[in-house]
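Asks: dropping a prediction and its sequence here:
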Amino acid sequence: MSLTLIIILIVAGLLFLLLEVMVIPGTTVVGVAGFALIAFSVYESYHVFGTPTGHFILLGTIFFTILTIYLSLKSKTWNRIMLKTEVDGRVNEIDENVVKAGDSGITVSRLSPSGKAIINDEYFEVHTNGEFIDQETEVVVTQLFDNKIFVKRKI
């Protein structure tokens, strides 16, 4: 095995380890493969070139592994590729003065078992207790629980 191939295997192992640490969560095949490539390359360098060259390659591998992890963990590296958008959405905030149990409305979408409905001239996300209700069906509010509006078909 040539020195060029050993260096290529070490670089590939470092890239796999970097992917494991930064991109892929948990311990996966990529991290194990990266570690195996590096270990095999260092072993082969000892086997092919002898102990002094093997020591140099081992020390160089440790140095470049630490350097690679340090450079990848610097914040400026990730700020260039990081998303900078903010989530400005809001949950279904229900004003208890606008919607009360007993109010009626009409479905805008099919409730299977949740969907949209107009109650007191406002759009809300509503839920049923497992019942499927077609759109443009009159519904009545049965309860408000945990910022959810539960409805049933109006009889």
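Replies: Perfect, I can see it now.
Asks: which strand or helix spans residue 14?
Replies: Residue 14 is part of helix 3-22 when elements are defined by DSSP states H and E.
Asks: now do the spatially most central residue of the chain against residue 13, distance only.
Replies: With distances taken as C-alpha atoms, centre = their mean, residue 25 lies nearest the centre of the chain, 9.4 Å away. Summarising the geometry, the distance separating residue 25 from residue 13, computed by C-beta to C-beta, to the nearest Å, is 19 Å. Every C-beta, even on glycine, is put in place using the N, C-alpha and C of the backbone.
Asks: now residue 15: closest residue in space that isn't a chain neighbour?
Replies: Excluding its sequence neighbours, the residue lying closest to residue 15 (C-beta to C-beta, 6 or more residues apart in numbering) is residue 34, at 7.2 Å.
Asks: wait, that neighbour sits on residue 20?
Replies: Yes: using C-beta atoms under 8 Å, residue 34 makes contact with residue 20 at a distance of 6.1 Å.
Asks: that concludes my questions; thank you for your assistance.
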